[in-house]
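In: from the sequence below, what's the structure:
(chains A and B)
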Amino acid sequence: MNAIEANGLVKDFGKTRALNGVDLQIRSGSVYGMLGPNGAGKTTTVRILTTLLAPTSGSASVLGHDVVRDARLVRQKVSLTGQYASVDEDLTGQENLILVGRLLGMTWSEARARGTELLKAFDLQEAASRQVRTFSGGMRRRIDIAASLVTRPEILFLDEPTTGLDPRSRNQVWDLVRLIAVEGTTVLLTTQYLEEVDRLAERLAVIDQGKVIAEGTSRELKSSVGGNTLHCHLLDPDQRAAANQAIHRILPDSVLPQTDLTALAVKVPDASKAVDVLSALTRAQVRFRDFSMGSPSLDDVFFALTGRGAEPLPKNTAQKEAAAS
Amino acid sequence: MNQVQSPPAGSRLSLATRTASVSPLSATATLAWRAMLKIKHVPFQLFDVTMTPIMFTLLFTYMFGGALAGSPREYIQYLLPGILVQTIVFITIYTGVGLNTDIQKGLYDRFRSLPIWQPSPLFGALVGDLFRYTVAGTIIVVLGLILGFRPAGGVGGVLLAYVLVLLFAFAISWLWIIFGMKVKTPESVMTASFVFLMPLTFASNIFVSLATMPPWLQAIVRHNPVTRLANATRALMHGQNTGEDILWVVGTSVAITLVFAPIALRMYHRERIN
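Out: Model (predicted):
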């Protein structure tokens, strides 16, 4: 049985069609990524799957329970961490966790003990008796995820868990997601960041304009775009046109479109052609560094599928992580 | 890429499995606890509730008391029940403001995705409101007693009057709940409510008696529900018999609740468009 199944989900808000026939089959016991730009329909899908919205048409079941007819059964088994920190800012970290524990049927002392345990696991024990409104963005995210784990959900929905976080907090959230998955909870995660699904998710769905436009492992998606790809970083984005021209002369129509002008990705039939491309660049006096051969990045995939770029991670992150690895 | 790092020692989340679901009463009690915690952490919320009536009582009693009733001491016998009505009717808007804030902050989604009796967040919040009304009511009556308010109806009369005002406040809270779900920001709940509540409380007989008004205004003011409520409250506090007004207030409150509570609850169950 699939953990999550959706068939032809359509959702209209007035005259706007937010979902235009979303199909999903998600197996249990994994991290599943849902990738798409702002307004693609990710949040709407999550809200339908967590019983907060009813679909206009189509159907969905979570752990075998219909999300409309058996909403309460679904709620008993899943947790949601929404896009905005869904904890009470006026309450302290500890009080928020006790609140959720009590609402899930724990006694006061059980809820208090579980709260303390989670605060420790999420590295928040020093902030336990501070109001959440004084928390940093990363701490808020963590307390929010902690609130979703007061009891063990079978599926955890994380709606854009790292949007707006600094690199360090983002890494902490990524570690937590891995840990949660190891302990046996299926995680459905939405994101605008390709790197995030690449790092965390075993399978992913690319969603755009209310439809799933591709589904598979990131490896499968990459090979669907094309085999070998030469990646290199241009030092000067102004030389991008010159670079494209030089490559076009020896390998027509092989440059993959990119949002980032310094990231050059070229589809090449084999390694010797890659050498030709590099020497053509040198002859054209295009300055570059860090060339590599590999499969296309998810950015390439997204572009190939939609004709548009996806959101890149904020610039300083990519650099810091490159330096760390 | 998908390799999982082994968790650092001592940081396992050691997840407990889900326990049985809670009763509606227990969920409501927990959410009432939350409402009380909010008051404890943000005492400023009570400032509004306490300072405004103190200011109004003092200002009106001493500035207009002599002109309106011959002396401040005489005027406060008339004014004080009205101030209680005005204050509590006004602070009912916090029901809408609080709900709207929860929706905007995403807390509403958290509650609605939990396996609890769905309206319990609403009822929990109403308990917090009740506490606010009680604080405001107590302060007004105590201040009144200090300034020379002598209710002939005694403790019983004052308590009955308080219960009647609460009943009315509870009824109109449903309107604010509906409103709180409809508008975009807590500030617009505030603004729109003032536009509605200002004329409702001032175009009443809270401050001056009907007899002093021009006939056309009397006709309007007489049918203002706040006038009816102020009459009933005065009557109960001073031990007079105006059964008609009391019945009218009870009937209207019950009618408002019967009509609007189901609408509010249905809206609460239903989705919201973001």
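In: can you name the residue of the stretch 151-300 of chain A nearest chain B?
Out: Residue nearest to chain B within the stretch 151-300 of chain A: residue A:152 (3.5 Å; Cβ to the nearest Cβ). Quick note: C-beta positions are derived from backbone N, CA and C, even for glycine.
In: residue nearest the centroid of chain B?
Out: residue B:92 (2.7 Å; Cα atoms, centre = their mean).
In: wait, that one sits on residue B:166?
Out: No. Look at residue B:92 against residue B:166 with Cβ atoms under 8 Å: they stay out of range, at 10.2 Å.
In: what confidence value was assigned to the residue of the stretch 151-300 of chain A closest to chain B?
Out: Residue A:152 is assigned 85 on the pLDDT scale.
In: got it, and residue B:232?
Out: 93.
In: count of neighbours near it?
Out: 26 (other Cβ atoms under 10 Å in any protein chain shown).
In: low-scoring stretches of the stretch 101-250 of chain A, by residue?
Out: A:226-227 (pLDDT under 70).
In: for the stretch 101-250 of chain A, which segments count as helices?
Out: Assigned by DSSP state H, counting those that start in this stretch, the stretch 101-250 of chain A shows helices spanning A:108-121, A:137-147, A:167-182, A:194-200, A:218-225, A:240-250.
In: tell me which helix or strand the nearest residue to residue A:47 once chain neighbours are set aside sits in.
Out: In space, residue A:47 comes closest to residue A:53 once its chain neighbours are excluded; the distance is 4.3 Å by Cβ to Cβ, 6 or more residues apart in numbering or on different chains. Residue A:53 belongs to no helix or strand when elements are defined using DSSP states H and E.
In: how many residues are close by residue A:53?
Out: Counted with other Cβ under 10 Å, residue A:53 comes out at 25.
In: now swap in residue B:115 and tell me
Out: Residue B:115: 22 neighbours (other Cβ under 10 Å).
In: isn't it right up against residue A:71?
Out: No. In this structure residue B:115 lies outside contact range of residue A:71 using Cβ under 8 Å: 9.3 Å.
In: next, give phi and psi for residue A:265.
Out: phi -130, psi 130 (degrees, to the nearest 10).
In: contacting residues for the residue lying closest to it once chain neighbours are set aside?
Out: Leaving out its chain neighbours, the residue that sits closest to residue A:265 by Cβ to Cβ, 6+ apart is residue A:256, at 4.2 Å. For residue A:256, the contact set (Cβ atoms under 8 Å, 6 or more residues apart in numbering or on different chains) comprises A:225, A:226, A:229, A:265, A:266, A:267, A:296, A:300, A:303, A:304.
In: the last one and residue A:223, how far apart?
Out: As for residue A:304, its distance to residue A:223 is 12 Å (criterion: Cβ to Cβ, to the nearest Å).
In: any shared contact partners between those two?
Out: Common neighbours of residue A:304 and residue A:223 (Cβ under 8 Å, 6+ apart) do not exist.
In: which one's more surrounded, these two?
Out: residue A:304 (18 against 14).
In: the strands in chain A, which residues?
Out: A:4-13, A:16-26, A:31-35, A:57-62, A:65-66, A:78-81, A:155-159, A:186-191, A:203-208, A:211-217, A:229-234, A:255-256, A:263-267, A:288-294 (DSSP state E).
In: avg pLDDT for the first one?
Out: Strand A:4-13 comes out with an average pLDDT of 94.
In: give me the buried subset of the contacts of residue A:256.
Out: A:225, A:226, A:229, A:265, A:266, A:267, A:296, A:300, A:303, A:304 (16 or more other Cβ atoms under 10 Å in any protein chain shown).
In: got the phi and psi for the residue lying closest to residue A:104 once chain neighbours are set aside?
Out: In this structure, residue A:104 finds its nearest non-sequential neighbour in residue A:151, 5.1 Å apart by Cβ to Cβ, 6+ apart. With angles defined as degrees, to the nearest 10, residue A:151 sits at phi -120, psi 160.
In: isn't residue A:151 up against residue A:102?
Out: No. Counting by Cβ under 8 Å, residue A:151 stays clear of residue A:102, with 11.4 Å between them.
In: show me which of those two is the more surrounded one.
Out: Using other Cβ under 10 Å as the criterion, residue A:151 and residue A:102 rank with residue A:102 on top: 24 against 19.
In: ok, that one - contacts?
Out: Counted by Cβ under 8 Å, 6+ apart, residue A:102 has contacts A:108, A:111, B:22, B:26, B:30, B:33.
In: with adjacent residues omitted, what lies nearest to the third one?
Out: Same thing as residue B:22. Nearest one to residue B:22, counting by Cβ to Cβ, 6+ apart, is residue A:105 at 4.7 Å.
In: just give me the neighbour total for the one you found.
Out: Residues near residue A:105, counting by other Cβ under 10 Å: 19.
In: for residue A:112, see how far away it is.
Out: 14 Å.
In: what's the burial count for residue A:14?
Out: 6.
In: then residue B:59?
Out: Residue B:59, neighbours per other Cβ under 10 Å, totals 11.
In: torsion angles phi and psi at it?
Out: phi -60, psi -50.
In: how much space separates it from chain A?
Out: Residue B:59 is 31 Å from chain A, where distance means Cβ to the nearest Cβ, to the nearest Å.
In: and if you look at residue B:80?
Out: Going from residue B:80 to chain A by Cβ to the nearest Cβ gives 33 Å.
In: ok, now which ones touch that residue?
Out: When contacts are counted by Cβ under 8 Å, 6+ apart, residue B:80 touches B:57, B:140, B:141, B:144, B:149, B:237.
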